[in-house]
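Engineer: Okay, predicted coordinates and the sequence, questions at the end:
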Amino acid sequence: MQKTLSIPTITCKHCLMSIKRELKFVDGVEYIDGDIGAKTVLVTYSSDAALNQARSLLGEAGYAPSN
């Protein structure tokens, strides 16, 4: 499954690298790609639990999704 998350706090490549680094430790997250200009991250995941964990982790890291 895929979900595009809107993350308003993305401002640069460093933000995107931080997001990718955090999400690679979430079991069930299989792929992460981002668009700095659009302030979005595309996440491919295997279960709703993985997506929920990814959202929570992003919030803790200062990159809380708005959707």
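Structural biologist: Perfect, thanks for sending it.
Engineer: Residues in contact with stretch 45-65: which ones?
Structural biologist: Here stretch 45-65 makes contact (Cβ atoms under 8 Å, 6 or more residues apart in numbering) with 1-3, 5-7, 9-10, 15, 18-19, 22-23, 25-30, 41, 43. Glycine gets a C-beta too; all of them are placed from N, C-alpha and C.
Engineer: Look up the closest residue to S18, ignoring the ones flanking it.
Structural biologist: Of all residues not flanking S18 in the chain, A61 sits nearest, at 6.6 Å (Cβ to Cβ, 6 or more residues apart in numbering).
Engineer: Just the pLDDT for that neighbour.
Structural biologist: According to the prediction, A61 has pLDDT 95.
Engineer: Can you tell me how far it is from M1?
Structural biologist: As judged by Cβ to Cβ, to the nearest Å, A61 and M1 stand 22 Å apart.
Engineer: Those two: which is more packed in?
Structural biologist: Between A61 and M1, counted using other Cβ atoms under 10 Å, the more crowded position is A61 (15 against 12).
Engineer: For the more buried one, give its distance to L23.
Structural biologist: Per Cβ to Cβ, A61 is found 9 Å from L23.
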